[in-house]
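>>> what follows is a protein structure lacking sequence information:
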């Protein structure tokens, strides 16, 4: 097939990796948005149902956490700022891991949950952005 015929075709089909990346990113975005929304809309319920992590039990503090998480999630959602959003979410989730580790919560279910979510965030981003995957993994596709 000639180069002219290839460019005349409709938009190229998405690879399975890109589709899987979008699905993973969508799952992470939905989870993070629900968490941020809960902290913004019903901080008293979040405080009452959160394990004691040594954080201030103040509504304003939880709203601030929700605002920070919402901003980071929005940056991750927008394609042009997705890498910045992933970096900021990594920091946010690292803080959550440190809080759970400090109070001695169960390792696999509580403490490492931030690691699992961070892996979904970065896995989705790397799958949907082949150029980024090439930078991190030396993939020359």
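Yes, it's here. Not measured: the values here are computed from a predicted model.
>>> next, the contact list for residue 110, please.
For residue 110, the contact set (Cβ atoms under 8 Å, 6 or more residues apart in numbering) comprises 51, 100. (Each C-beta comes from the backbone N, C-alpha and C, glycine too.)
>>> pull the residues that contact stretch 53-71.
Outside stretch 53-71, the residues that reach it (Cβ under 8 Å, 6+ apart) are 32-33, 35-40, 43-44, 46-47, 88, 92, 99-100, 102-103.
>>> mind checking which of the residues you listed are in helices?
Residues of the contacts of stretch 53-71 located in helices (DSSP state H): 32-33, 35-40, 43-44, 46-47, 88, 92, 99-100, 102-103.
>>> list the buried residues in stretch 105-123.
105, 110, 111, 112, 113, 114, 117, 118, 120, 121, 122 (16 or more other Cβ atoms under 10 Å).
>>> I meant to write stretch 66-76 there.
Using 16+ other Cβ under 10 Å as the test for burial, stretch 66-76 gives 66, 68, 69, 70, 72, 73, 75, 76.
>>> what ranges do the helices span in the chain?
Using DSSP H, helices in the chain cover 3-8, 16-41, 43-49, 59-77, 82-103, 113-128, 130-137.
>>> which secondary structure elements does the last one contact?
For helix 130-137, the packing partners by 3 or more Cβ pairs under 8 Å, 6 or more residues apart in numbering; DSSP states H and E come out as helix 113-128.
>>> state the mean pLDDT of the helix it packs on.
Helix 113-128 comes out with an average pLDDT of 96.
>>> return the list of helices and strands in contact with that helix.
Partner elements for helix 113-128 (3+ Cβ pairs under 8 Å, 6+ apart): helix 16-41, helix 82-103, helix 130-137.
>>> cool, thanks, talk later.
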